[in-house]
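> mind looking at a prediction? Sequence and model below.
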Amino acid sequence: MVSRLAAPQGYLSSKPESWYAKRVSERPSQASAFAARVLEQADALYNFARRLTHQASEAEDLVQDTFARAIQARDQFQEGTNLRAWLFRILRNAQLDALRRAQRSPLAKLADEEREAEDDSREFLRGDFEIDRLRRVVVADIENALASLSAEARSVILLDLEGFSELEIASIMSCAAGTVKSRLARARTTLRAKLAEYGK
Amino acid sequence: MTESSCAEHRRRLATSRWSTLPPEARAEVERHLQGCEECRAFAKAERELDAALGRLPRQAAPEALKARLAATLRAEAAPPSVSSRWAKWRDGRKLRLVSATAAVVLAGALSVVFALRPSATERLVDEAVNDHLRVLYATHPIEIESGGIHQVKPWFEGRLDFAPVLDFAGDEEFPLQGGSIGYLLDRKAAVFVFKRRLHVVTLFVFRAEGLPWPYLGNRTLDGVSARLEQSRGFNALLFRQRDLGYALVSDADANSLERLGHKIMAGH
């Protein structure tokens, strides 16, 4: 079967029959290398998914969905670009689709949540009083405070914490870099206000 | 000090990556901080927030999940496939040959993926069917006779390390007979026994975390990813909601099982 395959004229000018055989021998190692690089991100993706969804099972589904989508869209990934940011973007889209499947417009939901976040940010606390409370919060407080944020606010804080640049976050969240900056500032202010409450 | 410049400086301060910003950007903000007490307080709080966020433990992916991901990726990597270079061929005379070969290769890849799929699924289904048989042949299959779901559910309290979520109380088509404690693989399960005419239908509710849950090839019922399988003449419907797994097993027909599954899912 393999030996009958000829390469197209002009694509490989010499030894056309060897093209497919060469491809066969190259492809698995290239695919394996890609697979290995994707798998390296499993912990980071799961950590992000777990904090986005709160539930271990939902996080597992989300990561598994992300991997399935990454495999399908593999040819769209451009070598030399940031694989990690690409995978996080896929995960975020998978989460939006999951919200959509929950039969409510994700955009409407996110807009509502953003409004809530804005309202919360008005209760911004300042000074040593806030610092003192922030120092007293424990991990459970931080997790609860994060969980109480809107999905957008939580995402932008977590992506920033992952070390992604504004441009990368903008690409992951499909928005402008300037939007990331203001969204992040607002989300962190809301988080601080909530944490200050926990640290009472 | 204008409000807009304060707002811009605060946006720069509000990031966990503050220490990685370019030195010139940081120097500019720091110059502003020297003359702005409010922004200094803001900066102090932001760095304190970084310290708090730094205390969050990172959650590693469970090993079972990693194994499933690796299996899926291996399956994808194993067969030779077609590349984007084929786009260059599209207008060529070899299109038909290439398409046919692609179909064969894709079928090969899918067969590897789907060949991997049943091991996890079969294990779950086998175990669920075994447990269903235990219910059928046990001397006392039901530990708590049903006087209604509100009697059965509280009975599980203290007997399980989770609360079985079930809002379907049974109806004329599927009357609830009662419940008991069972085991599914390595974990305890809440066992609910329903009837469908003369058929016994067993519902197992269990913690799903860490189980090799079937994923590829599932169907969606009521927005829930579900899997209908057959084993040894029994039908099994598997689905998962939040942290709990559900396995319905019976020799009743598949449509009946799906109807009961629908009623259970709709109750959530």
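Ah, there it is. Numbering: from 1, shown residues only, chains lettered A, B, ... in the order given.
> now do the helices in chain A.
Using DSSP state H, the helices found in chain A span residues A:18-39, A:42-53, A:56-72, A:83-101, A:106-121, A:127-136, A:139-147, A:151-161, A:166-173, A:177-198.
> okay, angle between the shortest one and helix A:151-161 too, please.
Right, helix A:166-173. 140 degrees (axes from the mean of the first three to the mean of the last three Cα atoms, to 10 degrees).
> which strands and helices sit next to helix A:166-173?
With contacts taken as 3 or more Cβ pairs under 8 Å, 6 or more residues apart in numbering or on different chains; DSSP states H and E, helix A:166-173 sits against helix A:83-101, helix A:151-161, helix A:177-198. C-beta: built from backbone N, CA, C; applies to glycine.
> in chain A, where is pLDDT below threshold?
Along chain A, segments meeting pLDDT under 70 span A:1-31, A:102-127, A:199-200.
> B:N218: which of the helices of chain A is closest?
B:N218 lies closest to helix A:56-72 among the helices of chain A, at 10.5 Å (Cβ to Cβ).
> next, the angle from that closest one to helix A:83-101.
Using the same axes, to 10 degrees: helix A:56-72 against helix A:83-101 is 120 degrees.
> so A:R89 sits against A:I169, correct?
No - in this structure, A:R89 is not within contact of A:I169 by Cβ atoms under 8 Å, at 9.9 Å.
> neighbour count winner among the two?
In this view A:R89 and A:I169 are compared by other Cβ atoms under 10 Å in any protein chain shown, and A:I169 has more residues nearby, 26 against 18.
> could you chop chain B up by domain?
B:3-54, B:63-116, B:120-266 (automatic domain parsing).
> can you pull the contacts of the residue sitting nearest the centre point of chain A?
Nearest residue to the geometric centre of chain A (Cα atoms, centre = their mean): A:F88, 2.7 Å. Going by Cβ atoms under 8 Å, 6 or more residues apart in numbering or on different chains, A:F88 touches A:L45, A:F48, A:L159, A:E162, A:F164, A:I172.
> which residue sits closest to the last one, ignoring its sequence neighbours?
The shortest distance from A:I172 to any non-neighbouring residue, by Cβ to Cβ, 6 or more residues apart in numbering or on different chains, is to A:R89 (4.4 Å).
> repeat that for the third one.
Distances taken as Cβ to Cβ, 6+ apart put A:I169 closest to A:L159, at 4.7 Å, once the chain neighbours are dropped.
> can you tell me how far that neighbour sits from A:S182?
In this view, A:I169 and A:S182 are 12 Å apart by Cβ to Cβ, to the nearest Å.
> per-residue pLDDT of B:A190, please?
pLDDT, B:A190: 90.
> what is the burial count for it?
When counting by other Cβ under 10 Å, one arrives at 26 neighbours for B:A190.
> roughly how far does it sit from B:H199?
B:A190 is 20 Å from B:H199, by Cβ to Cβ.
> for A:I172, same thing?
50 Å.
> so those two - more neighbours on which side?
A:I172 (25 against 14).
> quick check: phi and psi at B:L176.
phi -80, psi 130 (degrees, to the nearest 10).
> tell me who's in contact with B:R207.
Contacts of B:R207 by Cβ under 8 Å, 6+ apart are B:D161, B:F162, B:R187, B:D243, B:L244, B:G245.
> cheers, nothing more for now.
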